[in-house]
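>>> sequence first, then the predicted structure, then my questions.
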Amino acid sequence: MIDIQLVRDNPERIKQKVAEKNMKVDIDLLLKLDVEWRALQQEVDELRRKRNELSSKLKSGKPDQNLIDEGKQLKIELADREGLLDKSKAEFDNLLFRVPNPHSDDVPVGNEDSSVEIKRYGDCNKTGATDHLDFAVARGWVDFERGAKVAGTKFYFLKGELALLENALLQYGLSVMADEGFTFMTVPHLVNARTATGAGFSPRSDKESNEYFVEDEDLSLIATAEMPITGYHTDEILDEKDLPLLYAGYSACYRKEAGTYGKHTRGLFRVHQFNKLEMYAFCLPENSLELHERILGIEEKIWQEIDIPYHIINIASGDLGSPAAKKYDIEYWSSVDNAFRELTSCSNCTDFQARNVNIRVKRADGTLQLVHTLNGTAISMARALVAIIEHYQNADGSLNVPKVLQKYMGGKETI
RNA sequence: GGAAGAUUCGCCUAGUGGUCUAUGGCGCCGCCUUGGAAAGGCGGUUUGGGGGCAACUCCAUCGUGGGUUCAAAUCCCACAUCUUCCGCCA
């Protein structure tokens, strides 16, 4: 969540930022509730002070019936005020939680089409490739029909060499992560509500949610390893000398993707379950801007080494999502769609997630500060396979193996 | 899923209704001592919120949430987590 102090100090700026993010939160109501709950808090504190005073009078000597009666009266009054306070504070908290992280000033303002291209790599004009699904089905590499039989639409089996190629991508990704100083981790695929909402994902009550929830349990299936890793250091005070903490989490990602039919949904591009190697960083506040660029640089290195043409876009405010202050996407050039398609995404969430899950760092001067958190896709397997099939296919139905993956495919140059 | 035990201020730990504004140790910080250090001595050291320029002060915080009571770390209830054992099982 956002620091309420920012809202108190400059409500007009926050209103504008919320509007620019295409979100609706009643900031005036938030400020009204802020005043209200704090006034109630003061009343409650004062009543509690009286109670403490009274009970210390009763500590010694024999019980005084007058004081006991006074205490009983105080207790009734306190219960009444505490009830009002709880209600007011809960209302305030709910509203505060809905305020998004204000985007950085260098984020383009507007909707999706206002996102700004900041770089291109490779040949982004190529056309005429065979669709990845047709190509892969012809080779018996992917089976959506049987996926539907065992789970439902948009579930699939990967088979044979394509499944092995996914494994090769993971091995390659892990070697890059190791070179870059990231600690590899596997993660729980289910997280509790505090962790899910802490990372900025929908609460259970949200019917539009992209997450799957487990019935009768306080658990949701993760949509990304970002969720469990956000919660990894919950309620901890980190040591300044240990930062930045760099983690690479590998997990399956589960997404409902309801209502997205028709938007590049063919084949492996948008599915209910896929595997992803995700980078995640906890760092000092003053270092997050630089680290964001570094994470983007690692993503670029991966796609340059695999050699897929792409461009980088600075995502516009209206398409940012709640927790991100700034986000870069890498979109590869689809030689089937003749358009750019999202491949990776990296966000600077500043202190927004850290405030939710209470992760702080003890600074050299002894003060405590919230850390900043960042996340970025290293390799999202299903989409990576789509891009590789589009760019490495041969007319005879065979597929060249990208050079950096060959050593993880038993040295094969073609499959 | 069942049983027993546990959960206290970074870590370990004392604490069975008012003397807890929570004990002691370790660690950490400051000072004394020293040529310098170690040892030793003295003092400080949970976190969050409110008020105040400040000194300071008020409230909360002993896993979480309820309850009993004038008063709860302490008594009662529920839940969570951990440990051990049983069951099941890759």
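Arrived safely, thanks for sending.
>>> for residue A:18, which non-adjacent residue is spatially closest?
Closest residue in space to residue A:18, ignoring its immediate chain neighbours: residue A:25 at 5.3 Å, by Cβ to Cβ, 6 or more residues apart in numbering. For glycine as for every other residue, the C-beta is placed from the backbone atoms N, C-alpha and C.
>>> and the one you found, that one's in a helix?
No. Assessed with DSSP: H, G, I helix; E, B strand; the rest coil, residue A:25 is coil; it does not lie in a helix.
>>> now do the contacts for it.
The contact partners of residue A:25, taken as Cβ atoms under 8 Å, 6 or more residues apart in numbering, are A:18, A:95, A:98-100.
>>> again, but for residue A:295
If a contact means Cβ under 8 Å, 6+ apart, then residue A:295 has A:279, A:281, A:346, A:374, A:376 as its contacts.
>>> buried ones in the host helix or strand of it, by neighbour count?
Assigned by DSSP states H and E, residue A:295 falls within helix A:288-306. Using 16 or more other Cβ atoms under 10 Å as the test for burial, helix A:288-306 gives A:288-289, A:291-292, A:294-296, A:298-300, A:302-303, A:306.
>>> pLDDT on that helix, on average?
Helix A:288-306 carries an average pLDDT of 96.
>>> after that helix, heading C-terminal, what element do we hit next?
Toward the C-terminal end, the helix or strand that comes next after helix A:288-306 (DSSP H and E) is strand A:310-314.
>>> who does that next one pair up with?
strand A:116-121 (antiparallel), strand A:326-334 (antiparallel) (DSSP bridges).
>>> how about the helix holding residue A:295 as PDB, C-alpha atoms only?
Output of helix A:288-306 as PDB, limited to C-alpha atoms (Å, rounded to 0.1, in the frame of the first residue of the first chain):
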ATOM      1  CA  SER A 288      16.000   0.600  -7.000                       C
ATOM      2  CA  LEU A 289      16.200   2.900 -10.100                       C
ATOM      3  CA  GLU A 290      19.600   1.500 -11.100                       C
ATOM      4  CA  LEU A 291      18.600  -2.100 -10.300                       C
ATOM      5  CA  HIS A 292      15.500  -1.800 -12.400                       C
ATOM      6  CA  GLU A 293      17.700  -0.900 -15.400                       C
ATOM      7  CA  ARG A 294      20.100  -3.700 -14.500                       C
ATOM      8  CA  ILE A 295      17.200  -6.300 -14.500                       C
ATOM      9  CA  LEU A 296      16.000  -5.000 -17.900                       C
ATOM     10  CA  GLY A 297      19.600  -5.400 -19.100                       C
ATOM     11  CA  ILE A 298      19.600  -9.100 -18.000                       C
ATOM     12  CA  GLU A 299      16.400  -9.600 -19.900                       C
ATOM     13  CA  GLU A 300      17.900  -8.100 -23.000                       C
ATOM     14  CA  LYS A 301      21.000 -10.200 -22.600                       C
ATOM     15  CA  ILE A 302      18.900 -13.300 -22.600                       C
ATOM     16  CA  TRP A 303      16.900 -12.400 -25.700                       C
ATOM     17  CA  GLN A 304      19.900 -11.200 -27.500                       C
ATOM     18  CA  GLU A 305      21.700 -14.500 -26.800                       C
ATOM     19  CA  ILE A 306      18.700 -16.500 -27.800                       C
END
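>>> quick one: neighbours of the closest residue to residue A:314 other than its chain neighbours, just the number.
Closest residue in space to residue A:314, ignoring its immediate chain neighbours: residue A:116 at 4.7 Å, by Cβ to Cβ, 6+ apart. Residue A:116 has 13 neighbouring residues, counting by other Cβ atoms under 10 Å.
>>> how close does residue A:116 sit to residue A:348?
From residue A:116 across to residue A:348, the span is 16 Å (Cβ to Cβ, to the nearest Å).
>>> doesn't residue A:108 make contact with the residue nearest to residue A:314?
Yes. Under the criterion of Cβ atoms under 8 Å, residue A:116 makes contact with residue A:108 at 4.8 Å.
>>> identify the contacts common to the two.
Residues touching both residue A:116 and residue A:108 (Cβ under 8 Å, 6+ apart): A:314, A:316.
>>> quick one: contacts for the closest residue to residue A:251 other than its chain neighbours?
In space, and not counting its chain neighbours, residue A:251 is closest to residue A:225: 4.2 Å by Cβ to Cβ, 6+ apart. Residues near residue A:225 by Cβ under 8 Å, 6+ apart: A:187, A:249-251, A:253, A:276, A:278, A:280.
>>> repeat for residue A:351
Contacts of residue A:351 by Cβ under 8 Å, 6+ apart are A:3, A:285, A:370-373.
>>> at 6 Å what do you get?
Contact analysis of residue A:351 by Cβ atoms under 6 Å, 6 or more residues apart in numbering lists A:370, A:372.
>>> residues making contact with stretch A:93-112?
In this structure, residues lying in contact with stretch A:93-112 by Cβ under 6 Å, 6+ apart are A:1-2, A:17, A:20-21, A:23, A:25, A:30, A:114, A:116, A:316-320, A:322-323, A:325-326, A:352.
>>> can I get the strands paired with strand A:310-314 in TSV including distance to residue A:183 and mean pLDDT?
Formatted as TSV, these follow (distance: least, Cβ to Cβ, whole Å; pLDDT from 0 to 100):
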stretch	distance to residue A:183	mean pLDDT
strand A:116-121	28	94
strand A:326-334	23	95
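>>> out of the ones you listed, nearest to residue A:134?
Distance to residue A:134, taken as Cβ to Cβ, is lowest for strand A:326-334 among the strands paired with strand A:310-314, at 14.1 Å.
>>> the residue in chain A that RNA strand B sits nearest to sits in which helix or strand?
Closest residue of chain A to RNA strand B, Cβ to the nearest atom of the strand: residue A:71 (2.4 Å). Per DSSP H and E: residue A:71 is located in helix A:65-98.
>>> thinking again about what came up before, so how many other residues sit close to the residue of chain A closest to RNA strand B?
Around residue A:71 there are 15 residues (other Cβ under 10 Å).
>>> now it. Nearest residue, chain neighbours left out?
Counting by Cβ to Cβ, 6+ apart, residue A:71 lies nearest to residue A:54, which is 5.2 Å off, once chain neighbours are set aside.
>>> tell me the pLDDT at that neighbour?
The model's pLDDT for residue A:54 equals 82.
>>> which residues of chain A score low on pLDDT?
Flagging of chain A using pLDDT under 70 yields the residue ranges A:60-63, A:205, A:207, A:259-263.
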